[in-house]
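>>> The amino acid sequence is not available; the structure is as follows:
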Ligand SMILES: [Zn+2]
């Protein structure tokens, strides 16, 4: 007798993407519909929470409908409904949670609350079918910079995270000051290719061995000071050099701490995820150094680096297998921590 | 034709089930829990109390605003997802109309008011006639004091309704002889009123699109207003 397939419908509305997806057995994406709000927030230079919430309520049912129809699955055929319940913007999370609860209730299917950070890690299970825990995960995005020891599918240990800005946040702020459009991460990545990464030495915070914590606000300030200083002296700062040197400082810290943590956890795999995982300098530097040190390294494809519901569905599947369902009281937890 | 009704536009959380002329059940709460925690459990409870399954609901009526932006979105997201999943109509009932309907005495004006922050209210004026509820003044954002001046100048008694009537009860009592403050249980938003008005709208052929339906915010987001001001001063 063959095992029945598990179809998870998941919703993700924690920040500025409204997304719904259908995933089979936690690994196979049938659909992953993402309605991006980036163009809406661009004129404000960043995500405006109230506007994000307004876009989510407009988009939530259309993305669910599209995800089901692309997947060729009816709501009745779905095994369970997963949804991000934190961390994220509270008003944005609430739209997805309310919809997911109502969908699950209407068809009398289990509801599963998913931690967004865990979702990012699980994006790699969708990209690499053979990947299994244990491994070390680096989650690096506009909202997070965290090192996590993934021991089993439902067992995580947070080794350290940023004390202040997330790495992606530093990218966005530096880009903004250089007059680059939002979101700035990919812009800096492009500009850095034209610059000299050793032109300016920016500080590397908390780089003493043994610390798994990050800090990027000092680095961000140093870059802003450098740009202001040049402006005051009527000099033309070389933006390509600044971008390359800034990026080099971020990547150096991320790579060094990741390798050190991997060694401490005695794992042989390193899994990177989150928006900054798409950064070309991080990909090439970490891949090279990690492979030299004997690790296998996994980066998800770009579409799974950004916020998406497929990664939430994958995480929901493994919670479903272990019976971790939520009831109808499920609420948004904007500051949700890793379990 | 059982209609499930939701009202989450203010701190009051209310869910009701109406069938034809009858209010079968209503759960109305003013406690500290959030709409997010209460709404779905109450929907589940009310159906259980009425011995019904979700499949037996024939339409969902939801209070669409104005009111608290987050509250409205929780109600609307829930209503849309239920209607979509159960493949039944969804009807957005204007919150102030439902408030007026809940206390619809003939011969007087009805003025629902909801808090719009910083001394402002969302406000409108209605009148109950033989033909039904007539809207005399469109729903708008207005300084509470200005609204009260306007109401005091009317030549008829005016019942002030909604959370504004509770929040500004002292000002209202001091304002004019013709302003009436009905007891609290008659002035708070209740899902039963949303259900009955929703039923009427359905009978009139009103249908809202589950895909595109949005809350009735009345107000744009603050970020947008500021952005436009900045553009204005730059050009
Ligand atoms: Zn994210």
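Good, I have the coordinates. The structure displayed is predicted, hence computed values, not measured ones.
>>> Please name the residues that touch whichever residue of the stretch 1-150 of chain A sits closest to the ion.
Nearest to the ion in the stretch 1-150 of chain A, going by Cβ to the ion, is residue A:141, at a distance of 4.7 Å. C-beta: built from backbone N, CA, C; applies to glycine. Counting by Cβ atoms under 8 Å, 6 or more residues apart in numbering or on different chains, residue A:141 touches A:120, A:166-168, A:274-277.
>>> can you list the residues that contact stretch A:238-250?
Contacts with stretch A:238-250, where a contact means Cβ under 8 Å, 6+ apart, come from A:167, A:170-171, A:174, A:178, A:188-189, A:191-204, A:216, A:219, A:223, A:226-227, A:279, A:281-282.
>>> and it, how far out from the chain's middle?
23 Å (Cα atoms, centre = their mean, to the nearest Å).
>>> next one: stretch B:162-171
For stretch B:162-171, the distance to the chain centre is 16 Å (Cα atoms, centre = their mean).
>>> For that stretch, give me every contacting residue.
Contacts for stretch B:162-171 (Cβ under 8 Å, 6+ apart): B:10-12, B:96, B:99, B:112-115, B:121-123, B:144-145, B:148, B:172, B:181-182, B:184, B:187-189.
>>> pLDDT on it, on average?
The average pLDDT within stretch B:162-171 is 94.
>>> what's the span of it, first residue to last?
Start to finish, the residues bounding stretch B:162-171 are 15 Å apart (Cα to Cα, to the nearest Å).
>>> and that stretch, which residues are buried?
Of the residues in stretch B:162-171, B:162-166, B:168 count as buried by neighbour count, 16 or more other Cβ atoms under 10 Å in any protein chain shown.
>>> just to revisit the earlier point, can you tell me which of the contacts of residue A:141 are in helices?
The helices, defined by DSSP state H, take in A:120, A:167-168 from these.
>>> Let me know the closest of those to chain B.
Ranked by distance to chain B (Cβ to the nearest Cβ), the ones in helices among the contacts of residue A:141 are led by residue A:168 at 21.1 Å.
>>> That closest one touches residue A:146, doesn't it?
No - using Cβ atoms under 8 Å, residue A:168 is not in contact with residue A:146; the gap is 12.0 Å.
>>> can you list residues touching both of these two?
Counting by Cβ under 8 Å, 6+ apart, the residues touching both residue A:168 and residue A:146 are residue A:140.
>>> Same list, the ones in helices among the contacts of residue A:141, but as CSV with neighbour count, distance to residue B:153 and pLDDT please.
Shown next, in CSV, are the ones in helices among the contacts of residue A:141 (neighbours: other Cβ atoms under 10 Å in any protein chain shown; distance: Cβ to Cβ, whole Å; pLDDT from 0 to 100):
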residue, neighbour count, distance to residue B:153, pLDDT
A:120, 33, 60, 97
A:167, 28, 61, 95
A:168, 24, 57, 94
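>>> does the helix or strand bottoming out on mean pLDDT in chain A come close to chain B?
Across the helices and strands of chain A, mean pLDDT, DSSP states H and E gives its lowest value to helix A:38-42, namely a mean of 88. No - using Cβ under 8 Å from any Cβ of the partner chain, helix A:38-42 stays clear of chain B, coming no nearer than 9.3 Å.
>>> what helix or strand does the nearest residue to residue A:258 once chain neighbours are set aside sit in?
Sequence neighbours aside, residue A:138 is the residue nearest to residue A:258 in space, at 4.9 Å (criterion: Cβ to Cβ, 6 or more residues apart in numbering or on different chains). Using DSSP states H and E, the element containing residue A:138 is strand A:135-140.
>>> and that strand, average pLDDT?
98.
>>> How is chain B divided into domains?
Domain assignment for chain B, taken from automatic domain parsing, gives B:2-95+B:190-221, B:103-187.
>>> Point out the most buried one among those domains.
Ranked by mean neighbour count, the domains of chain B are led by domain B:2-95+B:190-221 with a mean of 21 (mean count of other Cβ atoms under 10 Å in any protein chain shown).
>>> so how far is the first residue of that domain from its last?
End-to-end distance of domain B:2-95+B:190-221: 36 Å, with Cα to Cα as the criterion.
>>> And that domain, how far out from the chain middle?
The chain centroid and the centroid of domain B:2-95+B:190-221 are separated by 10 Å under Cα atoms, centre = their mean.
>>> again with stretch B:221-232
Centre-to-centre, stretch B:221-232 and its host chain are 28 Å apart (Cα atoms, centre = their mean).
>>> Kindly report the same for stretch A:76-87.
Distance of stretch A:76-87 from the chain centroid (Cα atoms, centre = their mean) equals 18 Å.
>>> quick one: low-confidence ranges for chain B?
For chain B, residues meeting the criterion pLDDT under 70 lie at B:233-235.
>>> Around chain A, pick out the residues from it.
B:34, B:36-37, B:39-41, B:43-44, B:54, B:69-70, B:73-82, B:84-86, B:210-212, B:214-215, B:217, B:221-224, B:227.
>>> which strands and helices sit next to the least confident helix or strand of chain A?
Packing partners of helix A:38-42 (3 or more Cβ pairs under 8 Å, 6 or more residues apart in numbering or on different chains; DSSP states H and E): helix A:49-71.
>>> Could I get the phi/psi values of residue A:206?
Note on residue A:206: backbone dihedrals following degrees, to the nearest 10 are phi 50, psi 40.
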